[in-house]
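J.: structure here, sequence nowhere to be found:
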């Protein structure tokens, strides 16, 4: 039996999508990976006990989207996030500075207002590839959500 590409993609583990450049449209993942200079936009959807991130076009984000831009300039890593969810959120940041795929907690972005006000956080040095997720606030599954990062 041959599965349709959309159904096959939905059956793959979310972790596999987190390592790709971008998930297929409409597929929710637990975390999103960004390289320096990249911008991602997504909406939040309730998961079992966590948030699912559903990709949207960063140039024309969907209503209630979160947009995250990551850049490294002059020896400083900066993450800027804008949320239009209507709810104050926070999320964790994992970093892979040496490029070996071993993401480690780098910190978090807390108190991101849901009214479109940008929030930025700087880290000394180059975080390399980053992975964001563990959103706290907004729609949830059937249990309280706790961030797993630093």
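T.: Arrived safely, thanks for sending. All figures in this text were calculated on a predicted structure; none of them were measured in a lab.
J.: could you give the bridge partners of residue 73?
T.: Counting by DSSP bridges, residue 73 forms beta bridges with residue 76.
J.: and the helices in this structure, which stretches?
T.: 5-11, 14-18 (DSSP state H).
J.: show me which residues of stretch 67-80 are buried.
T.: Neighbour counts over stretch 67-80 (16 or more other CB atoms under 10 Å) mark 67-70, 72, 77-80 as buried. C-beta here means a position set from N, CA and C on the backbone, and glycine is covered the same way.
J.: scratch that, stretch 53-71
T.: In stretch 53-71, counting by 16+ other CB under 10 Å, buried: 53-56, 58, 61, 64-70.
J.: between those residues, which is nearest residue 134?
T.: residue 53 (10.6 Å; CB to CB).
J.: my guess is that closest one meets residue 34, correct?
T.: No. Shown here, residue 53 and residue 34 do not form a contact pair, counting by CB atoms under 8 Å, at 11.9 Å.
J.: quick check: residue 90 vs residue 136, distance?
T.: Remark: distance between residue 90 and residue 136 (CB to CB, to the nearest Å) = 5 Å.
J.: ok, those two, which is more surrounded?
T.: Neighbour count, other CB atoms under 10 Å: between residue 90 and residue 136, residue 136 has more, with 20 against 17.
J.: is it true that that one touches residue 85?
T.: No. The criterion here is CB under 8 Å, and residue 136 misses it with residue 85 at 11.8 Å.
J.: quick one: the strands in the chain?
T.: Assigned by DSSP state E, the chain shows strands spanning 28-29, 31-34, 39-46, 51-56, 66-73, 76-83, 89-96, 104-112, 119-124, 129-136.
J.: low-confidence regions, the protein specifically.
T.: The chain contains residues with pLDDT under 70 at 1-29, 47-50, 138-150.
J.: apply 90 and report the result again.
T.: The model of the chain has pLDDT under 90 over residues 1-31, 44-55, 87, 101, 134-150.
J.: quick revisit: of the buried residues of stretch 53-71, closest to residue 96?
T.: residue 70 (12.3 Å).
J.: and the closest one, how far is that from residue 107?
T.: 13 Å.
J.: same deal with residue 42?
T.: Distance of residue 42 to residue 107, computed by CB to CB: 20 Å.
J.: between these two, who's got more neighbours?
T.: With neighbours defined as other CB under 10 Å, residue 42 and residue 107 compare such that residue 42 has more, 25 against 15.
J.: alright, I will stop here.
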